[in-house]
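Engineer: next comes the sequence, and after it the predicted model I'd like to discuss.
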Amino acid sequence: MAKVYDDPVYIASCSFGKDSIATILLALEHGEPLDAAVFSEVMFDHSRNISGEIPEHIEWVYSVAIPRLAELGVKVDVVRSEKDYVTLFHTIIQSGTHKGMKRGWLMGGKCNANRDLKLQPIHRYYKQYRDRGVVQYVGIAVDEPRRLARMKDKGYIRKVSLLEKYGYTEADAWRKCEEYGLLSPLYQTAHRGGCWFCPNCRIPVFCDLRKKHPHLWHELQILSKVENKSSEGFVYGRTFPQIEQKMDDYDNTQQLF
């Protein structure tokens, strides 16, 4: 049984997607304790201040969402890893079959960026409250039973889904965000948030990135030509040229309609 703390800190983990925003709004509406929200921003390249978040989303986060939550009385803490995607890409593997090679592309399902660039900064943030204990509000909807089943307390951190508590589905979360004018523009082209270089991105999302932000796609084109990568698999074994061909096919199909 998890330890019960007398005076825990209540923190909402916030990606600024619909589920985490709806969680914060439910906390406010129902008088649930909420000390802060924490947002972990993944960076593509610190030296050039290039975020790894979808451009429309991260611009909205800083220009609209954070100021709006501040008006509602919610403190938002932004954390970042000292590492970035470019650092991970060029890291030399020290052991095993690929020793001496660059780590290269992320592996779908085994994302080092999620571990090193997103989760580690959050864990460091929570450690400052180790003595008090933390109640972490997580954005998991009532119609996501598998994710709810995997939600486990860990040490001094107790996880709670307010969406489950108040019977909110993902669709309900969407409507709640719309009600407050806090639905991220990322949903205009994608079904989920995340990094623009993520191997889990769908082809239409990559196509939208290439069309709207060709400078970012060019960054990936440059990396695709780097030698000595541990794998040329950009998306689940498919090479970068293969994905670009799929993108070209998709764009050509769209032009027919």
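Structural biologist: Thanks, I have it. Numbers count the residues shown, from 1 in each chain.

Engineer: only C-alpha atoms for contact and neighbour calcs from this point on.
Structural biologist: OK.

Engineer: for the chain, name the helix or strand with the lowest mean pLDDT.
Structural biologist: helix 112-113 (a mean of 85; mean pLDDT, DSSP states H and E).

Engineer: work out the gap between that helix and the centre of the chain.
Structural biologist: 11 Å (CA atoms, centre = their mean, to the nearest Å).

Engineer: do stretch 45-54 as well
Structural biologist: Relative to the centre of its chain, stretch 45-54 is centred 14 Å away, using CA atoms, centre = their mean.

Engineer: just the terminal-to-terminal distance for that stretch.
Structural biologist: 14 Å (CA to CA, to the nearest Å).

Engineer: any weak-confidence spans in the stretch 1-150 of the chain?
Structural biologist: 1-2 (pLDDT under 70).

Engineer: strands of that one, start to end?
Structural biologist: Using DSSP state E, counting those that start in this stretch, the strands assigned to the stretch 1-150 of the chain run over residues 9-13, 36-40, 43-45, 50-51, 76-79, 134-137.

Engineer: can you redo those strands as TSV with mean neighbour count and distance to Lys246?
Structural biologist: TSV is the format used below for the strands of the stretch 1-150 of the chain (neighbours: other CA atoms under 10 Å; distance: least, CA to CA, whole Å):
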stretch	mean neighbour count	distance to Lys246
strand 9-13	22	35
strand 36-40	20	31
strand 43-45	21	24
strand 50-51	16	25
strand 76-79	16	35
strand 134-137	22	39
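
Engineer: mind checking these for the one nearest to Val86?
Structural biologist: Closest to Val86 of these is strand 43-45 (CA to CA; 5.9 Å).

Engineer: ok, now how distant is the residue nearest to Ala70 when sequence neighbours are not counted from Leu223?
Structural biologist: What sits nearest to Ala70 in space, not counting adjacent residues and going by CA to CA, 6 or more residues apart in numbering, is Val76, at 7.6 Å. Distance, Val76 to Leu223, by CA to CA: 34 Å.

Engineer: picking up where we left off before, Ala149: which of the strands of the stretch 1-150 of the chain is closest?
Structural biologist: Closest among these, using CA to CA: strand 134-137, at 15.2 Å.

Engineer: was I right about the residue nearest to Ala70 contacting Ser40?
Structural biologist: No - counting by CA atoms under 8 Å, Val76 stays clear of Ser40, with 10.5 Å between them.

Engineer: can you tell me the closest non-neighbouring residue to Asp6?
Structural biologist: Nearest one to Asp6, counting by CA to CA, 6+ apart, is Arg132 at 7.6 Å.

Engineer: who does the residue nearest to Ala70 bridge with?
Structural biologist: Listed beta-bridge partners, Val76: Ala37 (assigned using DSSP bridges).

Engineer: tell me who's in contact with it.
Structural biologist: Counting by CA atoms under 8 Å, 6 or more residues apart in numbering, Val76 makes contact with 36-39, 66, 69-70.

Engineer: now with 10 Å?
Structural biologist: 11-14, 35-39, 65-67, 69-70 (CA atoms under 10 Å, 6 or more residues apart in numbering).

Engineer: and what of Cys177?
Structural biologist: For Cys177, the contact set (CA under 10 Å, 6+ apart) comprises 17-23, 25, 183-184.

Engineer: I appreciate the help and will end here.
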